[in-house]
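A.B. asks: A structural model of the following input is requested.
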Amino acid sequence: MVEYISCPSCGRTLFNLEEVVDKVRNATSHLTGLDIAIMGCIVNGPGEMADADYGYVGKGKGTIALYRRKEEIKRVPEDEGVNALIQLIKDDGKWIDP
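C.D. replies: Alright, predicted model coming up:
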């Protein structure tokens, strides 16, 4: 079971948070033992998701920062964010095929 952590969204969120949470959940819900945080902005996101295994954080207009725990791993264009998160999980050997 994956635990998902998400912010409530605010004026600083530059992407459709509900849509992204659904995409991440649909792609990863078969995994076990992971915490994945989806945060709308860089202001509070990294602090609020610090205990998560992986983080998907809005970094600016059209850009997503992916985190492993508290460490920013890379930045990707928003339209590549979910696939890049999946690849990060695969690279860490924590992916299992559904």
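A.B. asks: residue 84 contacts residue 76, doesn't it?
C.D. replies: Yes. Counting by Cβ atoms under 8 Å, residue 84 touches residue 76, with 4.5 Å between them. Where you see a C-beta, it was placed from the backbone N, CA and C, and this is true even at glycine.
A.B. asks: intersection of neighbour lists for the two?
C.D. replies: Taking Cβ atoms under 8 Å, 6 or more residues apart in numbering as the contact rule, residue 84 and residue 76 both touch 64, 66.
A.B. asks: compare the two (neighbour count), which wins?
C.D. replies: residue 76 (20 against 17; other Cβ atoms under 10 Å).
A.B. asks: that one is in what secondary structure piece?
C.D. replies: Per DSSP states H and E, residue 76 falls inside strand 71-77.
A.B. asks: show me what that strand is packed against.
C.D. replies: Packing partners of strand 71-77 (3 or more Cβ pairs under 8 Å, 6 or more residues apart in numbering; DSSP states H and E): strand 63-68, helix 81-91.
A.B. asks: I'd like the mean pLDDT over the shortest one, please.
C.D. replies: Spelled out, that is strand 63-68. Mean per-residue pLDDT for strand 63-68: 96.
A.B. asks: and for stretch 50-60?
C.D. replies: On average, the pLDDT along stretch 50-60 is 92.
A.B. asks: ok, stretch 19-33 next?
C.D. replies: 96.
A.B. asks: could I get the buried residue list for it?
C.D. replies: 20-21, 23-24, 27-28, 31 (16 or more other Cβ atoms under 10 Å).
A.B. asks: could these be laid out in CSV, adding secondary structure and distance to residue 50?
C.D. replies: Formatted as CSV, those follow (DSSP: H, G, I helix; E, B strand; the rest coil; distance: Cβ to Cβ, whole Å):
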residue, secondary structure, distance to residue 50
20, helix, 20
21, helix, 19
23, helix, 23
24, helix, 18
27, helix, 23
28, helix, 19
31, coil, 20
